[in-house]
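Student: no FASTA, just this:
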């Protein structure tokens with residue numbers, strides 16, 4: 001029985017230098033079980049050095065002062081492990097002893113290792129619980145049906161700004177929910193839990209007792225007696241203010257992003273691997289000639305059956321299979337409506353950008369026709385950009401084929417250069433100054449000028465220089481039409497209108 005209880009006994013012998021120890025005590029401390037006498041020094045050597053002074057003091061009180069002494073100490077057992085012991089020793093001790101060699105002092109020694117380890121584990125658990133409560137901002141609460149009082153743990157009271165000893169009625173707690181609908185919902189959920197035992201879980205705005213507002217999550221479960229009747233409600237309370245604020249911030253960001261995407265001139269569609277539409281901006285509905293105004297959640301291939309088997313479906317599948325972006329331009333939804341399509345794979349599916357390039361393509365075709373027409377004109381057509389702070393002089397951005405036959409320079413030799421590379425020693429300086437002034441004033445000018453070919457030969461040209469303006473009225477370029485003076489004498493200038 002003593003072994004099961006972790007108890008041993010000892011008797012201090014009359015020499016006051018040794019004890020007669022029980023078999024359990026000798027075995028656990030690693031002494032010989034065949035000899036029941038253990039010296040005090042041998043016993044003391046088993047005790048952890050830091051605890052030896054308290055052991056010595058207790059032994060002194062029991063022996064020299066004839067007083068009952070209780071002491072706790074750590075000692076090394078037979079296996080080399082440190083264990084905790086509690087000893088009670090004194091006159092006539094806790095164990096009567098008739099031993100003639102006894103000094104009249106006996107006692108009990110108990111192994112309390114498990115007790116101390118459990119206490120340490122409990123303290124650690126409580127510390128972790130407090131830490132978790134502080135970090136997660138969570139606490140426990142209970143409601144007693146008999147007293148109708150609400151009480152909570154230290155963490156709960158901290159969350160609602162109450163002193164730990166304060167208890168409140170459930171009515172006081174209920175009326176601190178700020179939103180009337182949320183308050184009514186809580187009351188219904190709470191009293192339904194009281195009446196039927198059903199669990200509730202609710203998030204609502206709450207006015208703390210220090211006047212600050214926060215968001216609380218309140219969870220409650222019924223506790224039953226042996227007969228199955230509800231006797232109390234226990235639950236958890238969590239401050240979720242930061243969570244709600246983060247959710248609101250994400251919702252605001254999502255709304256802002258949708259507004260930005262809706263304001264884009266391009267269409268934007270997101271769908272998953274199965275074709276389920278996750279997002280579609282307003283422009284995409286227009287470009288795709290959507291049959292409805294809310295296709296989110298629907299399947300793109302079902303809502304746009306004309307796309308099945310098309311080049312559009314092909315590039316989407318290639319993007320999904322290869323994980324690489326795909327592009328193409330073509331008549332996707334309507335004849336003569338050209339759409340530029342860019343498909344970018346994502347972890348969830350694909351993001352598709354749609355741009356109506358019908359007008360842009362028509363403009364490119366008109367430019368190609370215009371370029372082909374101008375290339376057939378015998379007069380030189382030369383376009384420069386307008387001067388700016390970065391390059392105060394004009395630079396050539398376009399010449400037609402006639403430039404090569406007139407000057408001997410190839411097109412790529414004049415591109416990005418200034419037209420003044422055609423001037424030479426006998427070029428009229430006063431007329432060059434007139435040209436510079438007309439460019440500075442952004443006005444048209446007609447003049448004659450002496451230029452030089454690539455081989456150094458001189459020739460005279462009649463030139464018309466006119467500014468070109470954009471939709472905002474800003475001069476962006478100048479166009480020059482040049483013809484040799486001999487040709488000018490025999491031909492009428494061809495008027496060209498630039499847009």
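Tutor: It's in. Model, not experiment: these values are computed from the prediction.
Student: roughly how far does the closest residue to residue 264 other than its chain neighbours sit from residue 436?
Tutor: Sequence neighbours aside, residue 283 is the residue nearest to residue 264 in space, at 6.1 Å (criterion: C-beta to C-beta, 6 or more residues apart in numbering). C-beta: built from backbone N, CA, C; applies to glycine. With distances taken as C-beta to C-beta, to the nearest Å, residue 283 is found 46 Å from residue 436.
Student: show me where the stretch 151-300 of the chain has its helices.
Tutor: With DSSP state H, counting those that start in this stretch, the ranges of helices along the stretch 151-300 of the chain come out as 154-159, 170-174, 180-196, 241-263, 282-287, 300-303.
Student: now do the stretch 301-450 of the chain
Tutor: Secondary structure of the stretch 301-450 of the chain (DSSP H, counting those that start in this stretch): helices at 311-322, 358-375, 402-407, 411-414, 429-441.
Student: reformat these as JSON lines; add mean pLDDT and mean neighbour count.
Tutor: As requested, these are exported to JSON lines (pLDDT from 0 to 100; neighbours: other C-beta atoms under 10 Å):
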{"stretch": "helix 311-322", "mean pLDDT": "93", "mean neighbour count": "16"}
{"stretch": "helix 358-375", "mean pLDDT": "83", "mean neighbour count": "12"}
{"stretch": "helix 402-407", "mean pLDDT": "93", "mean neighbour count": "18"}
{"stretch": "helix 411-414", "mean pLDDT": "92", "mean neighbour count": "14"}
{"stretch": "helix 429-441", "mean pLDDT": "93", "mean neighbour count": "13"}
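Student: of these, which is nearest residue 195?
Tutor: When the helices of the stretch 301-450 of the chain are ranked by proximity to residue 195, the top entry is helix 311-322, at 54.2 Å, counting by C-beta to C-beta.
Student: show me what that closest one is packed against.
Tutor: Packed against helix 311-322 by the contact rule (3 or more C-beta pairs under 8 Å, 6 or more residues apart in numbering; DSSP states H and E) you find strand 326-331, strand 338-345, strand 349-356.
Student: helices or strands next to the last one in the packing?
Tutor: Packing contacts for strand 349-356, counted by 3+ C-beta pairs under 8 Å, 6+ apart, involve strand 267-272, helix 282-287, helix 311-322, strand 338-345.
Student: distance to residue 25 added to the ones you listed, as CSV?
Tutor: Conversion of the helices and strands packed on strand 349-356 to CSV gives the following (distance: least, C-beta to C-beta, whole Å):
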stretch, distance to residue 25
strand 267-272, 73
helix 282-287, 86
helix 311-322, 77
strand 338-345, 75
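Student: out of those, which is closest to residue 181?
Tutor: helix 282-287 (32.8 Å).
Student: contacting residues around the closest one?
Tutor: By C-beta atoms under 8 Å, 6 or more residues apart in numbering, the list of residues contacting helix 282-287 from outside reads 262, 264-269, 290, 293, 295, 333, 339, 354, 356.
Student: would you write out the PyMOL command that picks the buried residues out of these?
Tutor: Applying 16 or more other C-beta atoms under 10 Å to the contacts of helix 282-287, the buried members can be selected in PyMOL as follows:
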select buried, resi 267+268+269+290+295+333+339+354+356
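Student: would you list the contacts of helix 282-287 in a markdown table and tack on pLDDT and distance to residue 43?
Tutor: Conversion of the contacts of helix 282-287 to a markdown table gives the following (pLDDT from 0 to 100; distance: C-beta to C-beta, whole Å):
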| residue | pLDDT | distance to residue 43 |
| --- | --- | --- |
| 262 | 73 | 86 |
| 264 | 71 | 87 |
| 265 | 79 | 93 |
| 266 | 87 | 89 |
| 267 | 89 | 90 |
| 268 | 89 | 84 |
| 269 | 91 | 85 |
| 290 | 82 | 92 |
| 293 | 73 | 91 |
| 295 | 90 | 87 |
| 333 | 75 | 97 |
| 339 | 89 | 95 |
| 354 | 92 | 90 |
| 356 | 88 | 97 |
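Student: before we move on, the earlier item: make a markdown table from the helices of the stretch 301-450 of the chain and add distance to residue 452 to it.
Tutor: Listed next are the helices of the stretch 301-450 of the chain as a markdown table, based on distance: least, C-beta to C-beta, whole Å:
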| stretch | distance to residue 452 |
| --- | --- |
| helix 311-322 | 54 |
| helix 358-375 | 24 |
| helix 402-407 | 8 |
| helix 411-414 | 13 |
| helix 429-441 | 13 |
